[in-house]
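**Q** Okay, structure incoming, though there's no sequence with it:
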């Protein structure tokens, strides 16, 4: 199954491989900003197997694993580049001293894409996204750089990963938003963003659908334990994930909680793809099964939304 990614016209699988989790750990200021390493060979095998199953969409970034994510993605799709839609991001990166750099200013764009092209072992990137927010006053200059890269064939489309409505609107005003990656889920629906991008036929990658595992169903009966090098050990803290088990009563027969979380978002036609940060084939198979399930009935959606509102 493929869907059209908004005005780009690209045909993509509704499940996009999120490659942050596939890069290995990264630390900034003593805090984890990555995930435990699932092993390079496991990652290469999983990406290739998913490609054989019809997945053709993958998202990465120059920061993930300090470039290791892009290197693994590039190696995994060698010889099959024409089958894949590759999205990567710029702005967040690891500095020479190991510190985190947050800089997406216009002079950084061309060096960033050249680095990504080299690591991905490709001549072009399908979708090139801001990873950290730009200054609005820099957008016109950035547009000239990004348009030049498109004209040179180094990227096909561009956009941003953000939930900042002001920046989204500014980029729309300048015709700079082909694709938006944004965070939304059953627990926190970003309805204003959805309405805006749908009105402009912007291609969408939705991240955060599992709400850092809260909606996966895996922790309805027991608390998760994160490895010290997993960013969730810092962000999720000691929150009791078991309280989300109340959602289970509204899961229709034949669906898992994870599949309901995916369908709840994908049933809205302006949400074209879910960027899933899974580490195992089993999790991806559950997600792929979700896209062939019927849409959730309106009554089910209403009950889920009401229940979710008591949890936030």
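**A** It's in. Because the structure is a prediction, the values reported are computed rather than measured.

**Q** Which helix or strand contains the residue nearest the centre of the chain?
**A** Centroid check for the chain by Cα atoms, centre = their mean gives residue 275 as the closest residue, at 3.8 Å. In the assignment (DSSP states H and E), residue 275 maps to strand 273-276.

**Q** Show me what that strand is packed against.
**A** Here strand 273-276 touches strand 15-18, strand 203-207, helix 257-266, helix 281-290, going by 3 or more Cβ pairs under 8 Å, 6 or more residues apart in numbering; DSSP states H and E. C-beta coordinates here come from the backbone N, C-alpha and C atoms, glycine included.

**Q** Out of the ones you listed, the one nearest residue 93 is which?
**A** strand 15-18 (18.2 Å; Cβ to Cβ).

**Q** Pairing partners for the closest one, with directions?
**A** strand 57-59 (parallel), strand 273-276 (parallel) (DSSP bridges).

**Q** Adding distance to residue 97, write those strands out as JSON lines.
**A** Converted to JSON lines, those look like this (distance: least, Cβ to Cβ, whole Å):
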{"stretch": "strand 57-59", "distance to residue 97": "27"}
{"stretch": "strand 273-276", "distance to residue 97": "30"}
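
**Q** any chance of those in CSV, plus mean pLDDT and distance to residue 71?
**A** Supplementary listing: those in CSV, determined by pLDDT from 0 to 100; distance: least, Cβ to Cβ, whole Å:
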stretch, mean pLDDT, distance to residue 71
strand 57-59, 98, 13
strand 273-276, 98, 19
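
**Q** Would you mind pulling the contact partners of the lowest-mean-pLDDT helix or strand in the chain?
**A** Confidence across the helices and strands of the chain bottoms out at helix 232-235, with a mean of 80, counting by mean pLDDT, DSSP states H and E. Under the criterion Cβ atoms under 8 Å, 6 or more residues apart in numbering, residues 31, 32, 212, 213, 224, 226, 227 lie in contact with helix 232-235.

**Q** The fourth one and residue 224 touch, don't they?
**A** Yes. Between residue 213 and residue 224 there is a contact at 6.1 Å, judged by Cβ atoms under 8 Å.

**Q** got the contact list for the residue lying closest to residue 264 once chain neighbours are set aside?
**A** Among residues not flanking residue 264 along the chain, residue 186 sits closest, at 4.8 Å (Cβ to Cβ, 6 or more residues apart in numbering). Contact criterion Cβ under 8 Å, 6+ apart gives 211, 215, 247, 260, 261, 264, 265, 304, 305, 308 as the residues in contact with residue 186.

**Q** contacting residues for residue 297?
**A** Contact analysis of residue 297 by Cβ under 8 Å, 6+ apart lists residue 252.

**Q** Could you do residue 4 as well?
**A** 10, 11, 272.

**Q** can you pick the most crowded of these?
**A** Going through these with other Cβ atoms under 10 Å as the criterion, the one with the most neighbours is residue 272, at 24 neighbours.

**Q** got the contact list for it?
**A** So residue 272 contacts 3, 4, 5, 6, 12, 14, 203, 204, 205 (Cβ under 8 Å, 6+ apart).

**Q** Take those and lay them out in TSV including pLDDT and distance to residue 79.
**A** Formatted as TSV, the contacts of residue 272 follow (pLDDT from 0 to 100; distance: Cβ to Cβ, whole Å):
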residue	pLDDT	distance to residue 79
3	98	26
4	98	26
5	98	24
6	98	29
12	98	20
14	98	25
203	98	26
204	98	29
205	98	25
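
**Q** nearest to residue 283, of these?
**A** Taking Cβ to Cβ as the measure, residue 14 is the one of the contacts of residue 272 closest to residue 283, at 15.3 Å.
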